[in-house]
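[1] sequence first, predicted coordinates after that:
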Amino acid sequence: MNLSTPNREKYHSYLKSYEWHQKKCEWIASGRPAFCFACEKAMPYVNAKGFNFHHRTYENLYHEKLDDLIPLCSEHHQELEIEFRVIRNHNVDLKTWTYVFISMVRFKKGLTAINKSKISIVMGDFNE
Ligand SMILES: [Zn+2]
Ligand SMILES: [Zn+2]
């Protein structure tokens, strides 16, 4: 999805909507890990300032499945999106880039690799 074209306004109001807030509540209720998938900084409550839900795919935009989303701190979310704007010209899709980006940050921080960590529950579909 290209966020610079018509749906931009709709998208931005969606991110402030009750439905979007409900997604976060759903995430917590599901027992999925509530921390930044890159650095594991804890998300203490759903509306924690600086906590974002990143779309791994826009396939189901406005009707996302929980597995389409992952929590990221604002620092890593911003980094991921900025670097994706550069790398997307090389035929890398967002889901792949999300996986690669998170793997790199985790490696640099000495955190457990994705496939051996709690986040593998969500990220494990990558090799499908
Ligand atoms: Zn982070
Ligand atoms: Zn994002």
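    Sure thing, it's come through. Ligands and ions are numbered 1, 2, ... in the order given.
[2] got the confidence number for residue 109?
    We have a pLDDT of 97 for residue 109.
[3] how about the residue most central in space within the chain, secondary structure?
    Nearest to the geometric centre of the chain sits residue 54, at 2.7 Å (C-alpha atoms, centre = their mean). Secondary structure state of residue 54, per DSSP: H, G, I helix; E, B strand; the rest coil, is strand.
[4] let's have the chain start at 708 instead
    Okay, residue one is now 708; in that scheme the one you just asked about reads as residue 761.
[5] how about it, what does it touch?
    776, 777, 778, 779, 784, 787, 788, 805 (C-beta atoms under 8 Å, 6 or more residues apart in numbering). Heads up, the C-betas are built off the backbone N, CA and C, glycines and all.
[6] for the first one, what are its contacts?
    For residue 776, the contacting residues are 730, 734, 760, 761, 762, 763, taking C-beta under 8 Å, 6+ apart as the criterion.
[7] residue 726 too?
    residue 769 are the contacts of residue 726 under C-beta under 8 Å, 6+ apart.
[8] okay, and it sits in which element?
    helix 725-736 (DSSP states H and E).
[9] disregarding residues adjacent in the polypeptide, which is nearest to residue 733?
    residue 773 (6.2 Å; C-beta to C-beta, 6 or more residues apart in numbering).
[10] any idea how far residue 717 is from residue 817?
    Here the distance between residue 717 and residue 817 works out to 41 Å (C-beta to C-beta, to the nearest Å).
[11] and residue 828, by the same measure?
    For residue 828, the distance to residue 817 - C-beta to C-beta - is 21 Å.
[12] likewise residue 756?
    Counting by C-beta to C-beta, the gap from residue 756 to residue 817 is 27 Å.
[13] now do residue 743
    15 Å.
[14] once you drop chain neighbours, what's closest to residue 769?
    Distance criterion C-beta to C-beta, 6+ apart; nearest residue to residue 769, sequence neighbours excluded, is residue 721 at 6.3 Å.
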